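J.: Sequence and predicted structure, then a few things I'm wondering about:
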2 protein chains.
Amino acid sequence: MSAVTVALVQHTADGGPADVWTRIEGGVREARARGDDLVLLQELHNGPYFCQWENAAEFARAEPIPGPSTERLGALAQELSLVIVGSLFERRASGLYHNTAVVFERDGRLVGRYRKMHIPDDPGFYEKYYFTPGDLGFTPIATSVGRLGVLVCWDQWYPEAARLMALAGADMLLYPTAIGFDPRDDEAEKARQKEAWELVQRGHAVANGIPVLAANRCGHEPDPSGATPGIAFWGGSFACGPQGEWLARADDAPCVLIARIEPQKTERTRQIWPFLRDRRIEAYADLQKRYRD
Amino acid sequence: MSAVTVALVQHTADGGPADVWTRIEGGVREARARGDDLVLLQELHNGPYFCQWENAAEFARAEPIPGPSTERLGALAQELSLVIVGSLFERRASGLYHNTAVVFERDGRLVGRYRKMHIPDDPGFYEKYYFTPGDLGFTPIATSVGRLGVLVCWDQWYPEAARLMALAGADMLLYPTAIGFDPRDDEAEKARQKEAWELVQRGHAVANGIPVLAANRCGHEPDPSGATPGIAFWGGSFACGPQGEWLARADDAPCVLIARIEPQKTERTRQIWPFLRDRRIEAYADLQKRYRD
C-alpha cells in the first residue's frame, strides 16, 4: 500500500444548514486541491450538536441512509475522486435512530457504514436519548485507500473497540468526534481533559501499531435550553502514526488539517514491537464481563 | 481510602550483588524517610538484565519464592513498616522459571505474587528463553494501601491486562520494567520509542480511570556476549493520575521518585467519564481470537 494523504475538516456549526454545508464542501474542495485522498469529517457535521438537551423535536434532524446527505456526500466524493468519511444522524425506522458514520468511495458509492457502539450520556451530551447503540459490531470498511477502522467519538475511550478493529485488519483508526469544554471548569481541569483525550487515542495507536485520525468540532455552541453555558468544542483534530507520534495537530480554530499516512510504517513498527504475537488470548475471557466481582 | 505516598526506586545494576542490594536498600530507606507507604522496585532489580543473551548459566540467578530475596525484602518491609513490590527471577521447579513480581505487607508477610503473563522476545530481550508465561492470570493483590494491579514490563503494552486488573478492582496499576534504547538507533527513533512507552501506559490510566506507576531501570548495561553495544536503560520512571496526568517523572539518572496517589480521584474521574458503564461486552468475544480472519 502506498502513502495516503488525509484531510480532517474541523469547522463550526453556527448559521443555517446551507452555511454549514458551504463550510463542509469548501473544506473538502480545499483538501482535494492540497492533494488529498481521504477526508474525515467531524461528528454530526451537518448542524449543531443537538444532544445538549433532550427534545423530541430534534429527531426531525434524522434522515435515512441512503438519503439526502449520503447523496450529497457521494456526489462530492465522485466529483473530486476521493474517499469521504461522514457522520450522520440515521433514522433507521420510526422510533429507531443511530449515530452512524458513512464511507464513500472515489466513484461516489456508499461502501459502508458504522453505527456508534458506545453511547455516552452525561450533562450536555444526552446521547442515550437519541441513539440506539450500534448493532453492526467493529468491522473495518474496505476502500481504495485502505481498510478504514471507523469508530465514533465515545468509542475513542475504549481500547476494546480499537483492538477489535486492528484484529480485523484495519489499516488506520478514524474517529469523527464532538468533544469540548464545560466553560465552568477551571483551566487545569480543561487541560487534563484535553490531554486525556489525546493520550487514550495515541495509546490505541501504540498498542495496535496503527495510525489514528480524529476530527473534532470547534467553536462554542449554546445550550438550546439556556440552562447551561453550552459547550466550547475544543477542536484539536489530529493525526498520529503507529508509535503515537504526532503527524498533524490542529488548534481550536476552523481548519483543514492535512497529514500523510505511510501504511508501511505499521508493518515496520509491528516488526520491532510485535505485540500481536504475544496476546494471552486464553486469559482474556473476563473482558466479556461487566465487572470481575 | 486515604492518600498513599508511593516511591519508585530507579537504579543502575553495575557492580556485584552486594552493591546492587545496597542501592535497593538505600532507596527504600530514603523513601521511608520521605514519608513513603508503598515502594515499587524496577524489574529484576537484583542484578544485571541478563536476558541480553541466551545462556544456560544465567538460570543460576533464579531462586525459589519464598527464598533468600523474599526473606530480605520482607524483613525490610517489616522493619520500615511499608508495602514493597519487588521483581524476581523465580525458580518454580527444575526447568521451570518465571518473571515474578512479589508483594510484601507492612508486617513483612509475602501477600501475593504475579507471574508476568506477556513475555517479549526481540534482539537484546530474549525473555522467551528464560521465562514461562505466567499462569496466575490478572488478579490484584490486596494490601493495606489498596488493591495493587501488579503487572510487569511487556504487559504494559497490552490494554487487555490493564482492563482486566481494573475490572477486578485494582486501585492502581504498577509496572516494574526494564526498557531502554538500542544505542544504534537514531535520536528521533529513540524519542518516539520512549514517548510511545509513556503514551500507552498513560492511556491505560485514562481508559480505566486509575493511577499508573512504572519503575524502570537506568544506566547502560553491556551485552555479555559482546555482540552488540548493549542497552541504555532510559529510566523515566513515572506516576500518573486517573486522567493520565503526570504526578512525577524521573529523568535517566538513579533516583527515588516520590508521588502522592489520591484514590478518591478515581471515583470522581469515573463519575465524570463513566467508561465502565458503557462497555459493549456482548460485542467483545473476538478479543479472545488471535486475529479476526
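T.: Cool, got the structure. Treat the numbers as computed from the prediction; the structure is a model and nothing was measured.

J.: then stretch A:215-232 to PDB, C-alphas only?
T.: The C-alpha trace of stretch A:215-232 is given here as PDB (Å, rounded to 0.1, in the frame of the first residue of the first chain):
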ATOM      1  CA  ALA A 215     -11.700  15.100  13.500                       C
ATOM      2  CA  ASN A 216     -13.400  17.200  16.200                       C
ATOM      3  CA  ARG A 217     -15.800  20.100  16.200                       C
ATOM      4  CA  CYS A 218     -14.700  23.600  17.100                       C
ATOM      5  CA  GLY A 219     -16.400  26.700  18.400                       C
ATOM      6  CA  HIS A 220     -18.800  27.500  21.100                       C
ATOM      7  CA  GLU A 221     -22.400  26.100  20.800                       C
ATOM      8  CA  PRO A 222     -25.000  27.400  23.100                       C
ATOM      9  CA  ASP A 223     -27.300  25.100  25.100                       C
ATOM     10  CA  PRO A 224     -30.700  25.400  23.400                       C
ATOM     11  CA  SER A 225     -32.400  25.100  26.700                       C
ATOM     12  CA  GLY A 226     -30.500  28.000  28.100                       C
ATOM     13  CA  ALA A 227     -29.800  26.100  31.300                       C
ATOM     14  CA  THR A 228     -26.000  25.900  30.900                       C
ATOM     15  CA  PRO A 229     -23.300  28.000  29.300                       C
ATOM     16  CA  GLY A 230     -23.200  25.400  26.400                       C
ATOM     17  CA  ILE A 231     -20.100  23.600  25.100                       C
ATOM     18  CA  ALA A 232     -16.800  25.000  23.900                       C
END
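
J.: pLDDT of it, averaged?
T.: Across stretch A:215-232, the average pLDDT comes to 97.

J.: Over to stretch A:18-36?
T.: pLDDT averaged over stretch A:18-36 gives 96.

J.: Next, the buried residues of it.
T.: A:20, A:21, A:23, A:24, A:27, A:28, A:29, A:30, A:31, A:32, A:36 (16 or more other Cβ atoms under 10 Å in any protein chain shown). (C-beta placed from N, C-alpha, C; glycine too.)

J.: tell me the SS of residue A:215?
T.: Under DSSP: H, G, I helix; E, B strand; the rest coil, the three-state class of residue A:215 is strand.

J.: which parts of the stretch 101-250 of chain A sit against chain B?
T.: By Cβ under 8 Å from any Cβ of the partner chain, the residues of the stretch 101-250 of chain A that approach chain B are A:117-120, A:122, A:133, A:137-138, A:154, A:157-160, A:162-164, A:167-169, A:192-193, A:195-196, A:199-200, A:202-207, A:243-245.

J.: one step back: from the buried residues of stretch A:18-36, which land in helices?
T.: Judged by DSSP state H, these include A:20, A:21, A:23, A:24, A:27, A:28, A:29, A:30, A:31, A:32 as members of helices.

J.: quick one: which of these is nearest residue A:7?
T.: The closest of those to residue A:7 turns out to be residue A:31 (Cβ to Cβ; 3.3 Å).

J.: Spell out, range by range, the helices that occur in the stretch 1-150 of chain A.
T.: Here the stretch 1-150 of chain A has its helices, by DSSP state H, counting those that start in this stretch, at A:17-33, A:68-80, A:127-130.

J.: for the first one, packing partners?
T.: In terms of contacts (3 or more Cβ pairs under 8 Å, 6 or more residues apart in numbering or on different chains; DSSP states H and E), helix A:17-33 is packed against strand A:4-10, strand A:38-41, helix A:68-80, strand A:255-261.

J.: end-to-end on stretch A:33-48?
T.: 27 Å (Cα to Cα, to the nearest Å).

J.: Tell me the buried residues in it?
T.: For stretch A:33-48, by 16+ other Cβ under 10 Å, it's A:36-48.

J.: and what of stretch A:53-69?
T.: Across stretch A:53-69, burial judged by 16+ other Cβ under 10 Å covers A:53, A:58, A:61, A:62, A:65, A:69.

J.: Quick one: neighbours of the one residue in the stretch 101-250 of chain A that gets nearest to chain B, just the number.
T.: Here the residue of the stretch 101-250 of chain A nearest chain B is residue A:203; by Cβ to the nearest Cβ that distance is 2.1 Å. By other Cβ atoms under 10 Å in any protein chain shown, the residues close to residue A:203 number 29.

J.: Over to it: give its phi and psi.
T.: phi -60, psi -40 (degrees, to the nearest 10).

J.: what residues are up against the residue nearest to it when sequence neighbours are not counted?
T.: Once flanking residues are discounted, residue A:203 sits nearest to residue B:203: 2.1 Å by Cβ to Cβ, 6 or more residues apart in numbering or on different chains. Counting by Cβ atoms under 8 Å, 6 or more residues apart in numbering or on different chains, residue B:203 makes contact with A:159, A:199, A:200, A:202, A:203, A:204, A:206, A:207, B:159, B:244.

J.: I'd like the residues you listed as CSV, with distance to residue A:177 and pLDDT appended.
T.: Formatted as CSV, the contacts of residue B:203 follow (distance: Cβ to Cβ, whole Å; pLDDT from 0 to 100):
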residue, distance to residue A:177, pLDDT
A:159, 16, 98
A:199, 15, 98
A:200, 12, 98
A:202, 14, 98
A:203, 16, 98
A:204, 13, 98
A:206, 19, 98
A:207, 19, 98
B:159, 19, 98
B:244, 18, 98
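
J.: Name the residues of stretch A:267-281 that come out as buried.
T.: In stretch A:267-281, counting by 16+ other Cβ under 10 Å, buried: A:269, A:270, A:273, A:275, A:278, A:279, A:280.

J.: right, I mislabeled it, should have said stretch A:73-86
T.: A:73, A:74, A:76, A:77, A:78, A:80, A:82, A:83, A:84, A:85, A:86.

J.: between the helices and strands packed on helix A:17-33, which gets nearest to chain B?
T.: Here strand A:255-261 is closest among the helices and strands packed on helix A:17-33 (Cβ to the nearest Cβ), at 15.8 Å.
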